[in-house]
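Peer 1: Following is a predicted model, sequence given first.
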Amino acid sequence: MGGGKGGADFDPKGKSDNEIRRFCYAFMKELSRHIGADTDVPAGDIGVGGREVGYMFGAYKSIRNQWEGILTGKGGSWGGSLIRPEATGYGLVYYVEHMIQYASGGKESFAGKRVAISGSGNVAQYAALKVIELGGTVTSLSDSKGAIIATSEKGFTPEIIDVIADLKLNRKALSDLTNSSEYGSQFKYIEGARPWKHCGQVDVALPSATQNEVSAEEAEALISQGAKFIAEGSNMGCTQEAIDIFEASRKEKKGSAIWYAPGKAANAGGVAVSGLEMAQNSQRLKWTSEEVDEKLKQIMKNCFENGLETAKEYVTPKEGEFPSLVAGSNIAGFKKVAQAMHDQGDWW
Ligand SMILES: NC(=O)C1=CN([C@@H]2O[C@H](COP(=O)(O)OP(=O)(O)OC[C@H]3O[C@@H](n4cnc5c(N)ncnc54)[C@H](OP(=O)(O)O)[C@@H]3O)[C@@H](O)[C@H]2O)C=CC1
Ligand SMILES: O=C(O)CCC(=O)C(=O)O
């Protein structure tokens, strides 16, 4: 929280927990001088989950001798918020549910939809679980080594997602699942691939692994396989060439186009619940899962409607065209920052 992003080129794969802990301590030794509950509040991201946040939080406390909400994604028994681990994936699905409802005039939902997801980390796992809960079928997941495609009609089940979560906690590859005698027959593993050209007929695509993970060619493949909605769980998941293809489809094909939502809006549930974690820390209290989930749903609804209405106002869509969520979200974000700068005399 604060608008910055940072990282390290330390690769945690193949390292022991103690090696990771020592790295986190060293990292926090410097970082602790730059962050604070009212300055910048870092959170997890690729390769950084509850374990790493715990090591860094412990390091901060021992360096500063102070308990402060200086990181989010903390453990539930030491200042973390319920639903923060789930927030990005759940929020993404809540956002897309609004896209589906708007596009179908309230007639459709995730129920019965085939959903291709990439990634198998924090965002992908919880997006998959929420899609399944809402009646959709998850047809694919992936990791940095390859993609797995479900071969049965039922797709991925919550039990399989649990198995994958365990594998990933231990930094193992998805190929371990497809090589196992227990699960191997339910999935096809494609080494070195992303799911988009291999997932078959699809209604919704949710890139949720890393940046630039949908190329122009893959954008065309998704459209030809029937995709009607694409929303980024990952930051900058689609290449600019892919976005251009989705936006061109939105203009040309109107109501039967694919509709694209940028990560800055669709994956905002994670940072939003980090904000709720900070609010709870400041008040020294803890909300229930239901309370946090309800607030998350409302935030994602506002986020969708803000992008939609701003697009209608500034880039008026032609008759029958979906508003551009990328233009609407960019302009809404810009307006908020520009207005604050203006009001705070930072304009000149
Ligand atoms: N966590 C959060 O709250 C939020 C995350 N995001 C964004 O969502 C995306 C996923 O983050 P998150 O789930 O937290 O991260 P995780 O580290 O939990 O998972 C990342 C996933 O992406 C795969 N991956 C990593 N690098 C590559 C690569 N170069 N090519 C293909 N696959 C890759 C990983 O595979 P492997 O297991 O093999 O390493 C893993 O499956 C990122 O873009 C992140 O910035 C956005 C908003 C909030
Ligand atoms: O929880 C946060 O504050 C950040 C989440 C995140 O990684 C992101 O929004 O890119």
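Peer 2: Cool, got the structure. Ligands and ions are numbered 1, 2, ... in the order given.

Peer 1: So whichever strand or helix holds Ser329, near ligand 2 or not?
Peer 2: Using DSSP states H and E, Ser329 maps to helix 325-343. No. Using C-beta under 6 Å from any ligand atom, helix 325-343 never reaches ligand 2; the gap is at least 13.0 Å. Yep, even glycine has a C-beta here, placed from its N, CA and C like the rest.

Peer 1: which other helices and strands contact that helix?
Peer 2: strand 259-261, helix 263-266, helix 289-314 (3 or more C-beta pairs under 8 Å, 6 or more residues apart in numbering; DSSP states H and E).

Peer 1: Could you tell me the end-to-end distance of stretch 284-293?
Peer 2: End-to-end distance of stretch 284-293: 19 Å, with C-alpha to C-alpha, to the nearest Å as the criterion.

Peer 1: Show me what from the stretch 201-348 of the chain comes close to ligand 2.
Peer 2: Counting by C-beta under 6 Å from any ligand atom, the residues of the stretch 201-348 of the chain close to ligand 2 are Asn235, Gly270, Val271, Ser274.

Peer 1: any idea of the mean pLDDT in the helix holding Ser329?
Peer 2: Per-region confidence: helix 325-343 scores 96 on mean pLDDT.

Peer 1: Could you find the closest non-adjacent residue to the closest residue to ligand 2 within the stretch 201-348 of the chain?
Peer 2: Nearest to ligand 2 in the stretch 201-348 of the chain, going by C-beta to the nearest ligand atom, is Ser274, at a distance of 3.4 Å. Residue nearest to Ser274 in three dimensions, not counting chain neighbours: Thr72, with 3.7 Å by C-beta to C-beta, 6 or more residues apart in numbering.

Peer 1: With Gly119 instead?
Peer 2: In space, Gly119 comes closest to Ala209 once its chain neighbours are excluded; the distance is 3.2 Å by C-beta to C-beta, 6+ apart.

Peer 1: From ligand 1, how far off is that neighbour?
Peer 2: To ligand 1, Ala209 is 3 Å away according to C-beta to the nearest ligand atom, to the nearest Å.

Peer 1: mind checking the SS state of Ala205?
Peer 2: Secondary structure for Ala205, judged by DSSP: H, G, I helix; E, B strand; the rest coil, is strand.

Peer 1: Spell out which parts of the stretch 101-250 of the chain neighbour ligand 1.
Peer 2: Residues of the stretch 101-250 of the chain lying close to ligand 1 by C-beta under 6 Å from any ligand atom are 119-124, 143-145, 168, 208-210, 233-235.

Peer 1: and if we set it to 8 Å?
Peer 2: Applying C-beta under 8 Å from any ligand atom, we find that the stretch 101-250 of the chain lies next to ligand 1 at 118-125, 141-145, 168, 171, 173-174, 194, 208-211, 213, 233-237.

Peer 1: list the contacts for Glu86?
Peer 2: The contact partners of Glu86, taken as C-beta atoms under 8 Å, 6 or more residues apart in numbering, are Tyr126, Leu129, Lys130.

Peer 1: residues contacting the closest residue in space to Lys312 that isn't next to it in sequence?
Peer 2: In space, Lys312 comes closest to Pro323 once its chain neighbours are excluded; the distance is 5.2 Å by C-beta to C-beta, 6+ apart. Pro323 makes contact with Gly307, Leu308, Ala311, Lys312, Val315, Pro317 under the criterion C-beta under 8 Å, 6+ apart.
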